[in-house]
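Q: I would like to see how this sequence folds:
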Amino acid sequence: MIKIKNLNISLGNFQIKNVELKVKKGEFLVLLGPTAAGKSVILEAIAGLVPIKSGKILVNNRDITQLKPEHRNVSICYQDYNLFPHMNVRNNICYGLRFKKGRNNSQYHKNFKALVDLLKLEDILDRLPLNLSGGEQQRVSLARGLIGSPDVLLLDEPLSALDPNIKTSIQEELKNIHQTLHTTIIMVTHDFIEANYLAERVAIIHEER
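A: Purely as a prediction, here's the structure:
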């Protein structure tokens, strides 16, 4: 369960006011709205990457509002993948465990194998990002975000940089991930078709007039 209570954010002249949001455990929620409405900023607030002016963020009844990002058990994946160019696929995925206690334990090894199988990454584990397609890079980014068993996976327009054929494939991968792992997912998009295909519920972000 994720609860956002009266969230207010001020970044220069840009403001987000009085956001209230509830997401059920295991739900796939899409945050839908126009460009520059603040969707990505809300994701980054949940991840602890932007300061908030006031309000609370709770995940599984734990107040994470003031916690450092590495202590929130929240993963965020961006549209540009953010893979490390000098690391192969295997090391990029495992980098998602860098702040986990006991990151060498058997459960994370099981997670690695399960995600490699689920996302069909076995044949590219030794490749560098330079030698990957956009779809492959997105799959690696998703595996890195999921390997630590996060309480919530945040996706910031993960399909917007992909061509239409690959986009359809990754949409199916996201649906399969959710149905298989039952991970709580919040995804940002401005695409109604994506929202309709993936979301169990949609929250609309709009600009005040």
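Q: all helices in the chain, in order from the N-terminus.
A: Using DSSP state H, the helices of the chain run over 39-47, 89-94, 106-118, 134-146, 164-181, 192-198.
Q: Need the per-residue pLDDT for the most centrally placed residue in the chain.
A: When CA atoms, centre = their mean is applied to the chain, the residue found nearest the centroid is Leu154 (2.3 Å). The score at Leu154 is 97. That number is its pLDDT.
Q: Quickly list what it is bridged to.
A: Note on Leu154: beta-bridge partners by DSSP bridges are Ile76, Ile186.
Q: The residue nearest to Ile147 when sequence neighbours are not counted: what's it in contact with?
A: Among residues not flanking Ile147 along the chain, Gly96 sits closest, at 4.5 Å (CB to CB, 6 or more residues apart in numbering). (C-beta placed from N, C-alpha, C; glycine too.) Contact analysis of Gly96 by CB atoms under 8 Å, 6 or more residues apart in numbering lists Ser75, Ala143, Arg144, Gly145, Leu146, Ile147, Gly148.
Q: cutoff 7 Å now
A: Applying CB atoms under 7 Å, 6 or more residues apart in numbering, we find Gly96 in contact with Ser75, Arg144, Gly145, Ile147, Gly148.
Q: How about Gly135?
A: Contacts for Gly135 were tallied using CB under 7 Å, 6+ apart; they are Leu162, Ile166, Ser169, Ile170.
Q: between the residues you listed, which is nearest Ala199?
A: Nearest to Ala199 out of the contacts of Gly135 is Ile170 (CB to CB; 15.3 Å).
Q: give the contact list for that closest one.
A: Applying CB under 7 Å, 6+ apart, we find Ile170 in contact with Gly135, Gln138, Leu159, Leu162.
Q: Go ahead and confirm the third one touches Lys167.
A: In other words, Leu159. Yes: judged on CB atoms under 7 Å, Leu159 makes contact with Lys167 at a distance of 4.8 Å.
Q: where are the low-confidence patches of the chain?
A: 102-104, 207-209 (pLDDT under 70).
Q: give me that answer again for 80
A: 99-105, 161, 206-209 (pLDDT under 80).
Q: Between all of the contacts of Gly135, which two are at the greatest distance?
A: Pairwise distances across the contacts of Gly135 (CB to CB) peak at 8.5 Å, for the pair Leu162 and Ser169.
Q: List the contacts of Leu153.
A: So Leu153 contacts Ser75, Gly145, Leu146, Thr183, Ile185 (CB under 7 Å, 6+ apart).
Q: Kindly tell me how buried the fourth one is, as a neighbour count.
A: Counted with other CB atoms under 10 Å, residues neighbouring Thr183 total 20.
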